[in-house]
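Asker: one predicted model, sequence on top.
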There are 2 protein chains.
Amino acid sequence: MGDTGVNLAISTVIFALRPAPDGGAPTLWIPLVRRIRDPHLGLWALPGGPLLPEESLAEAAAHNLKSTTDVEPRYLEQLYAFGEPDRSPGDRVVSIVYWALVHSGEAEQLAEGENVRWFVADEVPRLAFDHNTIIEYALWRLRNKMEYSRIAHALLGETFTLTQLREVHEAVLGRPLDPANFRRQIESSGDVVATDQVVTGGRHRPPRLFRYIGSVDLGDTGPLSG
Amino acid sequence: MGDTGVNLAISTVIFALRPAPDGGAPTLWIPLVRRIRDPHLGLWALPGGPLLPEESLAEAAAHNLKSTTDVEPRYLEQLYAFGEPDRSPGDRVVSIVYWALVHSGEAEQLAEGENVRWFVADEVPRLAFDHNTIIEYALWRLRNKMEYSRIAHALLGETFTLTQLREVHEAVLGRPLDPANFRRQIESSGDVVATDQVVTGGRHRPPRLFRYIGSVDLGDTGPLSG
DNA sequence: ACAAAAGTGTTTTTCTTACACCCATGT
DNA sequence: ACATGGGTGTAAGAAAAACACTTTTGT
């Protein structure tokens, strides 16, 4: 038992918001790690690792995310199980892939080096295995989910202005949104509540800070614990 | 290599449309198989099996679906990977679960017996493992997907009347739909085209037959082959 | 005073829903 | 003729989009 000739691995696509390369508007970034063994030695790849016997799939994703890139996820959701027979040369690997959102703050903690580096989400180089496909799919899922759920929260701090929230949506969706209509949609959703604080310092009317209502859940638990 | 102490299995939730138990309107049914070994000997469970080294995940799902219940899927999509450490007593099993739609005709071919039986989708008994949770999630996904994709097709024959198509939607969603508005939505979607045939025999105006436009793809290939 | 972003109001358009009504067939 | 479901028309209501306008700050 236990040996079916198939290896099981867990990988994670991690998203964070950081300034664009030219210092401009916030953009989506992804950390990748360099392969230090064959196959695909030297190529960039998604962080990942094995599934330990005592941990759940989501725990495994959180662990290896922490150990390889040292960030804590604010949101974590299963993406897909990839298992084409030829996706890893000379070996049979089924990868259960998660995707995660981390805080802008966390994103800074990740020490870049020879073997870990941030990439703009839709400008990644050729990656090991089928990881380009996986990232494309994760991006599609993120953009989709952004339109009907409150995950944008996970990319921001505890409080935020509605302009910041809109910029997150714009960065993820890749298109500008009408500030007036966006404001109304968010306010009427009831997901968000105004604090009594404003942000001064900008050379214009100080924007109000908002916070999300309800529990700050770690992520989509999927079919479990409905 | 290959032995991580974790077993990998593939299971499938199969949906078909059949008359309600009282002979009434079409309803969703699911075939289940009886456990013939421990754990959970004697309980009903989802059909499933191991992943063979040469086959893809979807192929594995299609194979064991064919071998255990002898039906061919018209639609096949990955549902979720279930991997809680305690979901199988005394063993560590990760199940990659697919869901499938089969033709009403196919559904008849399945010979029921001591070890295979059809159940009304939302009236299944207590099942082995976490299979009740899995079926609930599959139902949720099916109902969701029905609202924005053309999967209803897979439960019908090549041609169909708009009333038949509406009845599929009603059976899956569990609520009545306005025939007039449903017709307009479908017709304006462009997914469907009228044939030059009508169905005679009913004691009323003969309804026109329609057919889906475009390729009758086997299913959602997921992230692959965008 | 002026620029710039925050925030409000109003109109237009588009999609959904409800429901009245006519059509074609078998009995 | 009439019952029955097929099929069309239309108007009310809700939601989304477009855009003009007012407010409050820093310089």
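Answerer: It's in.

Asker: domains in chain A, by residue range?
Answerer: Here the domain parsing of chain A from automatic domain parsing is A:7-148, A:158-212.

Asker: isn't A:P26 right next to A:R18, touching?
Answerer: Yes: A:P26 lies in contact with A:R18 (Cβ atoms under 8 Å); the separation is 6.9 Å. Glycine gets a C-beta too; all of them are placed from N, C-alpha and C.

Asker: more neighbours: those two, which one.
Answerer: A:P26 (18 against 15; other Cβ atoms under 10 Å in any protein chain shown).

Asker: roughly how far does the more buried one sit from B:N115?
Answerer: 57 Å (Cβ to Cβ, to the nearest Å).

Asker: show me which helix runs longest in chain A.
Answerer: Taking DSSP state H as the criterion, chain A has its longest helix at helix A:131-148.

Asker: highest mean neighbour count out of the domains of chain A?
Answerer: Most buried of these, by mean neighbour count (mean count of other Cβ atoms under 10 Å in any protein chain shown): domain A:7-148, with a mean of 18.

Asker: that one close to chain B?
Answerer: Yes: against chain B, domain A:7-148 shows contacts by Cβ under 8 Å from any Cβ of the partner chain at A:7-8, A:50-51, A:53-57, A:78, A:80-85, A:91-92, A:94, A:96, A:133-134, A:136-137, A:140.

Asker: if you look at those residues, which of them are in strands?
Answerer: Judged by DSSP state E, the residues of domain A:7-148 next to chain B include A:7-8, A:50, A:78, A:80-82, A:94, A:96 as members of strands.

Asker: next one: the closest residue to A:G105 other than its chain neighbours from A:R205, what distance?
Answerer: Nearest residue to A:G105, sequence neighbours excluded (Cβ to Cβ, 6 or more residues apart in numbering or on different chains): A:G157, at 7.0 Å. As judged by Cβ to Cβ, A:G157 and A:R205 stand 21 Å apart.

Asker: check A:A180 too.
Answerer: From A:A180 across to A:R205, the span is 15 Å (Cβ to Cβ).

Asker: next, A:S188: phi, psi?
Answerer: Dihedral pair for A:S188: phi -80, psi -10, per degrees, to the nearest 10.

Asker: ok, it to A:F182 distance?
Answerer: 11 Å.

Asker: same deal with A:A128?
Answerer: Applying Cβ to Cβ to A:A128 and A:F182 gives a distance of 39 Å.

Asker: close to DNA strand D: what parts of chain A are there?
Answerer: A:178, A:180-181, A:185, A:198, A:200-206 (Cβ under 7 Å from any atom of the strand).

Asker: one more pass at 10 Å, please.
Answerer: A:147-148, A:176-185, A:188-189, A:198, A:200-206 (Cβ under 10 Å from any atom of the strand).

Asker: and these near DNA strand C, which?
Answerer: Answer for the residues of chain A next to DNA strand D near DNA strand C (Cβ under 10 Å from any atom of the strand): A:178-184, A:198, A:202-206.

Asker: low pLDDT regions in chain A?
Answerer: A:1-4, A:107-111, A:215-216, A:225-226 (pLDDT under 70).

Asker: what segments of chain A are helices?
Answerer: A:57-69, A:104-109, A:131-148, A:162-173, A:179-189.

Asker: distance check, A:T161 against B:V172.
Answerer: 42 Å.

Asker: and if you look at A:S188?
Answerer: Where B:V172 is concerned, A:S188 sits at a distance of 30 Å (Cβ to Cβ).

Asker: same deal with A:P179?
Answerer: Taken as Cβ to Cβ, the span from A:P179 to B:V172 is 40 Å.

Asker: can you check A:V124 too?
Answerer: Relative to B:V172, and taking Cβ to Cβ, A:V124 is found at 39 Å.

Asker: what does A:G157 give?
Answerer: A:G157 is 42 Å from B:V172, by Cβ to Cβ.

Asker: residues from chain A in reach of DNA strand C?
Answerer: A:161-164, A:166-167, A:178-184, A:187, A:194, A:198-199, A:202-210.

Asker: enumerate every residue touching A:G222.
Answerer: A:77-78, B:80, B:137 (Cβ atoms under 8 Å, 6 or more residues apart in numbering or on different chains).

Asker: 6 Å - rerun?
Answerer: Applying Cβ atoms under 6 Å, 6 or more residues apart in numbering or on different chains, we find A:G222 in contact with A:Q78.

Asker: over to A:P26?
Answerer: Applying Cβ under 6 Å, 6+ apart, the residues near A:P26 are A:17, A:167, A:171.

Asker: same thing but 7 Å
Answerer: By Cβ atoms under 7 Å, 6 or more residues apart in numbering or on different chains, the contact list for A:P26 reads A:17-19, A:167-168, A:171.

Asker: and what of A:I186?
Answerer: A:162, A:165, A:192.

Asker: hmm, try it at 10 Å
Answerer: Taking Cβ atoms under 10 Å, 6 or more residues apart in numbering or on different chains, we find A:I186 in contact with A:150, A:152, A:162, A:165-166, A:169, A:192, A:210.

Asker: also A:A152?
Answerer: A:17, A:75, A:101, A:145-146, A:160, A:164-169, A:171-172, A:186, A:191, A:212.

Asker: measure the closest residue to it other than its chain neighbours to chain B for me?
Answerer: Setting aside the residues directly before and after it, A:A152 is nearest to A:V168 in space (Cβ to Cβ, 6+ apart), at 4.5 Å. Here the criterion is Cβ to the nearest Cβ, to the nearest Å. By it, A:V168 lies 24 Å from chain B.

Asker: roughly how far apart are A:V168 and DNA strand C?
Answerer: Distance of A:V168 to DNA strand C, computed by Cβ to the nearest atom of the strand, to the nearest Å: 13 Å.

Asker: wait, doesn't that residue sit right on A:H153?
Answerer: Yes: counting by Cβ atoms under 10 Å, A:H153 is a contact partner of A:V168 at 8.7 Å.

Asker: who touches both of the two?
Answerer: A:F160.

Asker: shared neighbours of A:P26 and A:R18, anything?
Answerer: In contact with both A:P26 and A:R18: A:104, A:171, using Cβ under 10 Å, 6+ apart.
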